[in-house]
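[1] Compute the structure for the input listed below.
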Amino acid sequence: MNLVTLLPFIVLIGAMFLMTRSAKKKQQAAAQMRDHMTPGTGVRTIGGMYATVKEIGDDTVTLEVAPGVHAIFAKNAIGAVLDDEEYNRIVHGQAADLTIDTPVVPDDASSLTQSETEGDAPKLDMGKKDAPQADAPKADEPKGDEPKDGKADGEAGAK
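    Take a look at the predicted model:
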């Protein structure tokens, strides 16, 4: 046989070998991560639920979802084992000691428009008033050359 005819088969077999090898490495890494779980560790399930490990069995893990609420999951359902710092940041909103030298930008611009010396100065209203204008047409009155019955030429029931 010719080498040119065997080349597609060789490439196909090589690609299959590489794909199974990378999948096997991912499975081993996930199994190793699950083996490092200890009671009290924060985890994220494959469904996206954050919980704390309470007990570890052979194939199952008991998780505390909320204080006093326990759920039993398969070990394979654990998607990630989190560090204590990361778990507290995500679940409790507690950040580690943040010493940032950059100024903090507020959520709204109201504190940026008023200086500290102005105090309780009246704010300037730049919006339009809601009072109706006298010369504006009312919604129920026909405008200009529109017919009173609301029908136009070409519509069903038009005269």
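[2] all helices of this structure, in order?
    All helices of the chain, identified by DSSP state H, fall at 3-35, 84-91, 110-113.
[3] need these in a markdown table with distance to Thr52 and mean pLDDT, can you?
    From N, CA and C alone the C-beta is placed, and that goes for glycine too. Output for the helices of the chain, formatted as a markdown table (distance: least, CB to CB, whole Å; pLDDT from 0 to 100):
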| stretch | distance to Thr52 | mean pLDDT |
| --- | --- | --- |
| helix 3-35 | 15 | 85 |
| helix 84-91 | 8 | 85 |
| helix 110-113 | 38 | 65 |
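[4] looking at these, which is buried most?
    helix 84-91 (a mean of 14; mean count of other CB atoms under 10 Å).
[5] From the contact counts, what lies against that one?
    Counting contacts by 3 or more CB pairs under 8 Å, 6 or more residues apart in numbering; DSSP states H and E, helix 84-91 packs against strand 42-45, strand 50-56.
[6] Would you convert those strands into CSV that also reports mean pLDDT, mean neighbour count and distance to Ala77?
    CSV is the format used below for the helices and strands packed on helix 84-91 (pLDDT from 0 to 100; neighbours: other CB atoms under 10 Å; distance: least, CB to CB, whole Å):
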stretch, mean pLDDT, mean neighbour count, distance to Ala77
strand 42-45, 91, 20, 5
strand 50-56, 92, 17, 11
